[in-house]
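Trainee: next one to model:
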Amino acid sequence: MSGQGEHHGLIPPLNRRQFLKGASLLGSGLAVSGWGLSPWIGNVFYRRGTYVYPDRPPTWPGVATRYSVCKQCGSDCGLAAHVYDGVLQKLDGNPYHPAATEPQAPYATPVSSAAVWAAPHSLCPRGQAGRQTLYDPYRVIVPLKRTGPRGAGRWQTISWEQLIREVTAGGYLFSRVPGEGTRHVDGFGALWQGGTGRLTPLDPAYPEYGPLTNGLAVYYGGAENGQTDFINRFAASFGTVNVEAADAICDLNRMQATMQSLDGMTDPLKPDVVNAEFIVWFGANVLEAHFPMQALGRKVAEATSSGRLKYWVVDVRGGNALLHADRWIGVKPGGDGALAMGAIRWIIEHNAYDGSYLAAPNAKAAQAAGEPTFSNASWLVVADSAHPRFGQFLTTSDAGLGMVSADGGMGAATSGNVVLGPKQVPLGADTAVRGTLWPQGPLNTEPTMVNGVACRTALQWLYLEARRFNLAEYAAAAGVSVSTIQDLASEFTRHGKRAVADYGRGPTMHTNGFDAGRAIMTLNLLIGNVDWAGGYVMGGGTADYTGTRAGAPYQLGSW
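Mentor: Next up is the predicted model:
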């Protein structure tokens, strides 16, 4: 396939004379002073203007190291960029950064010492590819404006000044209809109108549409914390509620499943790998592509090699995660939800859930029971299909308990939720010490009448849904055996709160992805592992970019 003069590398081949010259220098140079003190040795192999990896080692004279953060994915690992003569030579992990190095160098460590920090500081292959991204000849580094019909692939480069001018003051775009020339598109100014746009209706015939400024839709891609803070701040200052992240292409189902399971919190929880005893990862290749890749992979490898942790992988393919896994469950694509629902049914029918946790109906009751969180498993849900709020939580007014004050006697009264206390007496969920999970006995899903309204507890509803199919049907839908479902549920529930069911995009990138995510989240709620050591935990929070917390350096939120 290749002739004598052909080469596949990007470095020009050495001739015999050059090779022998370099070899002889290597023999003496290494013996006398080593590579670090003899940069002239490398000049034998050095080719300016070529794609060399690397041109010069980071410790050589003239190589400057700059510290930053890798943006090749959302893990945001710290990186060290080695630059020589204005050209990026190599990327490494930042020795000061906990995601790239463990243990990381103290911030007081001099840069010269950090460059040779003993602990491994590395980037994953995707992070290393940042050099290719930087010098990609097709990288878009200037604004592009469409000059033809959609799909025609006709674009022109414009200046940043023109982009800002046309976005704010308006400009011309090619018509959606081929052959119709250009059309004028209004900019921000036409909606803002010197501030009066916030007072002018967008459509007088439909006042619910809000002000004219709602005509601005802010649609953005994979922005992160900090970026989203400023985007939302701009939108709120301008006066539009139409702000939406374009996450449907990758993570919307997972985010929505998390939000619906955690009362509006969209940030995903993470397994406490350091303290967990068992983790099952659904569609999340923990050693290859699950966030944060570097830190998580290191901690998993250390925990499994020490014998503290065992984990199973539920995925359509095994991947690198099987290197330390105890078991791989190969599901059908989209079958994760069926597997999780089968496990839910087994857990409920074998009384393997944490009933004490599920019976705490409010934060105060949970705190008294030593729990950091509580659930709505004991809250009553309207089961009468003729009721106007069928399928919604029963309220205190529905139960004949009147209105409940939101702050213990002061302020406006609100209608709260209801649980059944001792002797099946309906109580406000906000004040009850304990709620009844099974009003008519374990596994009984018959409705209970409260003030003439048929109700079931949330746990009864869950079981009613889970038992719609038997384990054999769940197994067939998931592409696994019945014993696999039983094994998973049994192993998951025998570690107390030191077990976690975590998931990535594998289960959620399907039409049933939201429901699959909800089922996996429910596995964690059944054992009450949220915010427990070894369980499913929240992070420490992100940087306070807008100054909402006390002591923050920038009070942007109040400007």
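Trainee: middle-most residue in the protein, spatially?
Mentor: Closest residue to the average C-alpha location of the chain: P268 at 5.4 Å, with Cα atoms, centre = their mean.
Trainee: quickly find the element holding the residue nearest to that one when sequence neighbours are not counted.
Mentor: Excluding its sequence neighbours, the residue lying closest to P268 (Cβ to Cβ, 6 or more residues apart in numbering) is T258, at 5.4 Å. For the C-beta atoms, the positions are set from N, CA and C on the backbone; glycine is no exception. If you go by DSSP states H and E, T258 is part of helix 252-261.
Trainee: could you list the buried residues of that helix?
Mentor: Judged by neighbour count using 16 or more other Cβ atoms under 10 Å, the buried positions of helix 252-261 are L252, N253, R254, M255, Q256, A257, T258, S261.
Trainee: what sits against the third one?
Mentor: Just to be clear, that refers to R254. P268, Y503, G504, R505, T508, G513, G517 (Cβ atoms under 8 Å, 6 or more residues apart in numbering).
Trainee: kindly report the same for the second one.
Mentor: Residues in contact with N253 (Cβ under 8 Å, 6+ apart) are T508, M509, G513, F514, G517.
Trainee: same deal with the last one?
Mentor: By Cβ under 8 Å, 6+ apart, S261 lies in contact with G517, R518, M521, T522, L525.
Trainee: nearest to Q424 among those?
Mentor: Among these, L525 lies closest to Q424 (Cβ to Cβ), at 24.3 Å.
Trainee: my guess is the closest one contacts S375, does it?
Mentor: Yes: L525 lies in contact with S375 (Cβ atoms under 8 Å); the separation is 5.8 Å.
Trainee: joint contacts of the two?
Mentor: Once Cβ under 8 Å, 6+ apart is applied, the residues that L525 and S375 both contact turn out to be L358.
Trainee: picking that back up, and the residue nearest to the centre of the chain, backbone torsions?
Mentor: Taking degrees, to the nearest 10, you get phi -70, psi 150 for the backbone angles of P268.
Trainee: convert the C-alpha atoms of the helix or strand containing Q89 to PDB, please.
Mentor: Using DSSP H and E, Q89 sits within strand 87-93. This file holds the C-alpha atoms of strand 87-93, laid out as PDB (Å, rounded to 0.1, in the frame of the first residue of the first chain):
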ATOM      1  CA  VAL A  87       2.600  27.000  19.700                       C
ATOM      2  CA  LEU A  88       0.700  24.600  22.100                       C
ATOM      3  CA  GLN A  89       3.000  21.600  22.400                       C
ATOM      4  CA  LYS A  90       1.200  19.400  24.900                       C
ATOM      5  CA  LEU A  91      -1.700  19.200  27.400                       C
ATOM      6  CA  ASP A  92      -1.400  17.600  30.800                       C
ATOM      7  CA  GLY A  93      -3.600  17.500  33.900                       C
END
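Trainee: from the buried residues of helix 252-261, pick the one nearest L556.
Mentor: Comparing the buried residues of helix 252-261 against L556 with Cβ to Cβ picks out M255 as the nearest, at 24.9 Å.
Trainee: if I look at that closest one, how far off is N524?
Mentor: The spacing between M255 and N524, counted by Cβ to Cβ, to the nearest Å, is 16 Å.
Trainee: same check, this time on Q486
Mentor: 19 Å.
Trainee: same deal with P553?
Mentor: Going from P553 to N524 by Cβ to Cβ gives 36 Å.
Trainee: neighbour count for the two, which is higher?
Mentor: Applying other Cβ atoms under 10 Å to P553 and N524 shows that N524 carries more neighbours, namely 21 against 7.
Trainee: my guess is that one meets A501, correct?
Mentor: Yes: look at N524 against A501 with Cβ under 8 Å: they come within range, at 5.5 Å.
Trainee: anything in contact with each of those two?
Mentor: Residues touching both N524 and A501 by Cβ under 8 Å, 6+ apart: Y536.
Trainee: show residues contacting the helix or strand V381 falls within.
Mentor: For V381, the host element (DSSP H and E) is strand 380-382. Applying Cβ under 8 Å, 6+ apart, the external contacts of strand 380-382 come out as 389-394, 398-399, 417-420, 426, 448, 450, 453-458, 461.
Trainee: ok, of those residues, which come out buried?
Mentor: 393-394, 398-399, 417-420, 426, 448, 450, 453-458, 461.
Trainee: please list the members of the residues you listed that lie in strands.
Mentor: Within the buried ones among the contacts of strand 380-382, residues falling in strands by DSSP state E are V418, V419, L420, P426, T448, V450, V453, A454, C455, R456, T457.
Trainee: neighbours of the closest residue to the second one other than its chain neighbours, how many?
Mentor: What it means is V419. In this structure, V419 finds its nearest non-sequential neighbour in G435, 3.3 Å apart by Cβ to Cβ, 6+ apart. When neighbours are counted by other Cβ under 10 Å, G435 registers 29.
Trainee: so what's G435 up against?
Mentor: A359, A360, P361, A377, S378, W379, V419, L420, G421, L427, A429, T457.
Trainee: gap between it and K310?
Mentor: According to Cβ to Cβ, G435 stands 34 Å off from K310.
Trainee: quick one on the thing from earlier: so can I have TSV of the contacts of N253 showing neighbour count, secondary structure and distance to V331?
Mentor: As requested, the contacts of N253 are arranged in TSV below (neighbours: other Cβ atoms under 10 Å; DSSP: H, G, I helix; E, B strand; the rest coil; distance: Cβ to Cβ, whole Å):
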residue	neighbour count	secondary structure	distance to V331
T508	29	coil	13
M509	18	coil	13
G513	23	helix	14
F514	19	helix	17
G517	29	helix	15
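Trainee: rebuild these as JSON lines, extending it with pLDDT and distance to R317.
Mentor: Listed next are the contacts of N253 as JSON lines, based on pLDDT from 0 to 100; distance: Cβ to Cβ, whole Å:
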{"residue": "T508", "pLDDT": "92", "distance to R317": "16"}
{"residue": "M509", "pLDDT": "91", "distance to R317": "14"}
{"residue": "G513", "pLDDT": "93", "distance to R317": "18"}
{"residue": "F514", "pLDDT": "93", "distance to R317": "23"}
{"residue": "G517", "pLDDT": "96", "distance to R317": "20"}
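Trainee: and the residues you listed, which is closest to V280?
Mentor: Set against V280, the nearest of those by Cβ to Cβ is G517 (14.2 Å).
Trainee: wouldn't that closest one be in contact with Y503 here?
Mentor: Yes: judged on Cβ under 8 Å, G517 makes contact with Y503 at a distance of 6.3 Å.
Trainee: about what we covered before: ok, the residue nearest to P268 touching G517?
Mentor: Yes: at 7.1 Å, T258 counts as touching G517 under the criterion of Cβ under 8 Å.
Trainee: on that earlier part again, and the helix or strand following the strand holding Q89, how far out from the chain's middle?
Mentor: Counting by DSSP H and E, the element after strand 87-93 in chain order, helix or strand, is helix 111-114. A distance of 33 Å separates the centroid of the chain from that of helix 111-114, by Cα atoms, centre = their mean, to the nearest Å.
Trainee: show me what counts as buried in helix 111-114.
Mentor: A114.
Trainee: any idea how far the residue nearest to T484 when sequence neighbours are not counted lies from V313?
Mentor: Once flanking residues are discounted, T484 sits nearest to I329: 5.9 Å by Cβ to Cβ, 6+ apart. Using Cβ to Cβ, we find I329 at a distance of 7 Å from V313.
Trainee: one more: R233?
Mentor: To V313, R233 is 41 Å away according to Cβ to Cβ.
Trainee: those two: who's more crowded?
Mentor: Neighbour totals were compared for R233 and V313, and V313 leads with 26 against 15 (other Cβ under 10 Å).
Trainee: would you mind giving the secondary structure of that one?
Mentor: strand (DSSP: H, G, I helix; E, B strand; the rest coil).
Trainee: could I get the pLDDT score of it?
Mentor: pLDDT recorded at V313 is 97.
Trainee: who's in contact with it?
Mentor: Taking Cβ under 8 Å, 6+ apart, we find V313 in contact with V280, W281, N285, V286, G319, A321, L322, A325, R327, W328, I329.
Trainee: work out for me the element the closest residue to Q260 other than its chain neighbours sits within.
Mentor: Leaving out its chain neighbours, the residue that sits closest to Q260 by Cβ to Cβ, 6+ apart is R518, at 6.3 Å. Per DSSP H and E: R518 is located in helix 513-527.
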